[in-house]
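Visitor: fold the following, please.
(one chain, ligands or ions: 1)
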Amino acid sequence: MRRLVRETAIAPDDLILPLFVTPGKGVKKPIKSMPGHFQLSVDNIRKEAKEAGDLGISSVILFGIPEYKDPEGSSAYDPKGPVQAAIAEIKAKVPGLIVITDVCACEYTSHGHCGIIKNNDVDNDATLELLSREALSHAEAGADIVAPSDMMDGRVSAIRSTLDDNGFTQVPIMSYAAKYASAFYGPFREAAESTPQFGDRRTYQMDPANSDEAIREVMLDVTEGADIVMVKPALPYLDIIRRIKSEFNYPVAAYNVSGEFSMIKAAAEKGWLDGERAMMESLVSIKRAGADMILTYFAKEAAKVLQKEG
Ligand code: PBG
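Guide: The predicted structure follows:
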């Protein structure tokens with residue numbers, strides 16, 4: 001009877017699996033702080049994507065670990081880069097799966113910041129061109145959705161016009177609209193090798209204490225043409241997810257980030273909590289708060305649980 005009156009359900013097609021693509025062949029390098037996750041070369045990405053698709057997961061989001069980094073992040077738009085190659089491979093071999101790409105500079109810059117540095121600070125406007133070129137190269141490789149995560153002002157409209165001018169009017173933008181300067185990104189920075197080499201990201205990511213500001217950020221992105229808006233992290237910001245869903249009625253994505261995943265994994269390993277139940281409770285709470293889709297490192301495990309439950 002609990003099932004009969006249940007208000008919220010998660011399905012595998014609500015879930016988006018993040019994957020880390022690295023150059024080479026046969027590479028499967030474990031990410032220590034994220035058990036079950038690896039840096040994968042394109043051949044292994046294909047296997048992982050196939051498995052995700054078979055479990056009913058709708059989408060993957062790709063992050064790249066490039067061959068080379070420079071201060072300008074030029075490997076971000078290399079047509080032969082790992083992300084570009086992985087997009088083409090997945091679209092060819094697992095055609096039903098939606099391929100989303102993370103559009104950001106931090107994995108490609110030698111200093112690890114999400115943009116071009118001028119006078120020891122990230123230069124907002126100089127970064128827009130880099131992001132537009134990166135998004136375009138993803139679209140050219142076949143990406144279904146591009147997801148800018150840098151938090152520069154004006155990037156949604158810059159990317160939208162570049163895509164439109166080049167004939168990619170049908171590629172939607174999922175913007176990381178309300179992205180907080182969070183301690184919960186720690187394990188990801190190991191995974192993506194993107195820790196800033198100086199300073200931090202507080203000049204472009206949001207203060208965790210602010211909620212009205214998230215509304216303003218979403219408003220800007222929606223006005224500039226975002227099709228899906230994201231809140232990140234998820235669990236410490238469920239109130240933000242709910243506010244954005246209620247005030248905009250837009251498709252809302254929530255990013256259940258690396259730290260939220262690793263905390264549960266670590267506690268479960270120690271036998272301090274039931275990892276599977278904590279995972280399912282986290283995901284249903286994010287959905288209940290108002291998220292239409294969830295980016296989560298739990299995607300495969302959760303899809304297996306859902307399959308089992310029928
Ligand atoms: C930055 C980016 C980050 C994440 C996704 N995109 C990290 C950051 O801002 O430092 C974090 C995701 C996670 O922690 O799982 N391009």
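Visitor: mean confidence score for stretch 239-250?
Guide: Model confidence over stretch 239-250, given as mean pLDDT, is 98.
Visitor: ok, the longest helix seen in the chain near the ligand or not?
Guide: The single longest helix within the chain, with elements called by DSSP state H, is helix 124-141. No. Figure legend: helix 124-141 not in contact with the ligand (Cβ under 6 Å from any ligand atom); closest approach 10.8 Å. To be clear about C-beta, it is placed using only N, CA and C from the backbone, and glycine gets the same treatment.
Visitor: what is that helix packed up against?
Guide: helix 82-93, strand 98-103, strand 145-148, helix 155-165 (3 or more Cβ pairs under 8 Å, 6 or more residues apart in numbering; DSSP states H and E).
Visitor: to residue 307, which of the ones you listed lies closest?
Guide: For residue 307, the closest of the helices and strands packed on helix 124-141 is strand 98-103, at 19.5 Å, according to Cβ to Cβ.
Visitor: residues contacting that closest one, please?
Guide: 16, 58-64, 83, 87, 90-91, 131, 134-135, 138, 142-150, 159, 174 (Cβ atoms under 8 Å, 6 or more residues apart in numbering).
Visitor: all helices of the stretch 151-300 of the chain, in order?
Guide: 155-165, 186-192, 212-224, 238-248, 258-269, 275-289, 299-309 (DSSP state H, counting those that start in this stretch).
Visitor: mean pLDDT lowest where, among those helices?
Guide: helix 186-192 - the lowest mean pLDDT of the helices of the stretch 151-300 of the chain, at a mean of 89.
Visitor: buried residues in that one?
Guide: Neighbour counts using 16 or more other Cβ atoms under 10 Å place 187, 188, 189, 191, 192 of helix 186-192 among the buried residues.
Visitor: tally of neighbours for the closest residue to the fourth one other than its chain neighbours?
Guide: With sequence-adjacent residues excluded and distances taken as Cβ to Cβ, 6 or more residues apart in numbering, residue 191 is closest to residue 31, at 4.4 Å. Residue 31 is flanked by 19 other residues according to other Cβ atoms under 10 Å.
Visitor: for the one 5 residues further on, same thing?
Guide: Here the count is done by other Cβ under 10 Å, and residue 36 has 12 residues near it.
Visitor: could you do residue 193 as well?
Guide: Considering only other Cβ under 10 Å, residue 193 is surrounded by 15 other residues.
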